[in-house]
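Undergrad: okay, sequence plus prediction incoming.
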Amino acid sequence: MRIATIIYHLAVSCWLGGSVLFTFLLTPILFKSYPRDMAGSIVGALFPGYFQWGLACGAVALICLLLGKSHRKIASGLILSIMLTVTATQAFIIEPRAAELKRQIPSFETTPPDHPLRVQFRKLHGVSAAANLAVIGAGIVLVILSSPSAQKKRLPIDLD
């Protein structure tokens, strides 16, 4: 089952790397390079694929975790399940609601920040951003849990 372990590591790494790239590099560059409405449209068009990527990587990782050998299978499985639940919530509940609100706002550049639709959008965006950071943080924990030193010690995370 070594192949399952390798694919598990690849899936977690691809999910975490994709999330970090999208969140901390691509999105800021888009908002810096284009007007707010255009950047928001581009990011909004990318969101479905972004969440599908996370769900696919997470499903592959969970299946491979169950098939492979891991000293922390229960902890890693629980973390992956939480990550998948959060990502599914973003994909199927938060993002569609935010996209609908965006369609109702003529322009983020001209609509006042205190407009009720913008306030609702900002709340959803805040929840989504927090969820995204939680998924990234959990992905980092998975990488640490599967590191050779963590596997060898068979102890709770030891960061020395």
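TA: Thanks, I have it. Just so it is clear, the structure is predicted and the values come from calculations on it, not from any experiment.

Undergrad: now the phi/psi pair for K69, please.
TA: phi -110, psi 130 (degrees, to the nearest 10).

Undergrad: how about the contacts made by the closest residue to it other than its chain neighbours?
TA: Nearest in space to K69, with sequence neighbours left out and distances taken as CB to CB, 6 or more residues apart in numbering, is M1 at 5.9 Å. Using the backbone N, CA and C atoms, a C-beta is placed for each residue, glycine as well. For M1, the contact set (CB atoms under 8 Å, 6 or more residues apart in numbering) comprises L67, G68, K69.

Undergrad: most neighbours among those residues, please name it.
TA: In terms of neighbours by other CB atoms under 10 Å, those top out with G68 at 17 neighbours.

Undergrad: give the buried residues for the helix ranked longest in the chain.
TA: When the chain is parsed with DSSP state H, its longest helix is helix 36-67. Residues 37, 39-40, 43, 47, 50-51, 53-55, 57-58, 60-62, 64-65 are the ones in helix 36-67 that count as buried (16 or more other CB atoms under 10 Å).

Undergrad: and for stretch 115-129?
TA: Buried, per 16+ other CB under 10 Å, within stretch 115-129: R118, Q120, F121, L124, V127, S128.

Undergrad: and T111, which of the three is it?
TA: Of the three states, T111 takes coil under DSSP: H, G, I helix; E, B strand; the rest coil.
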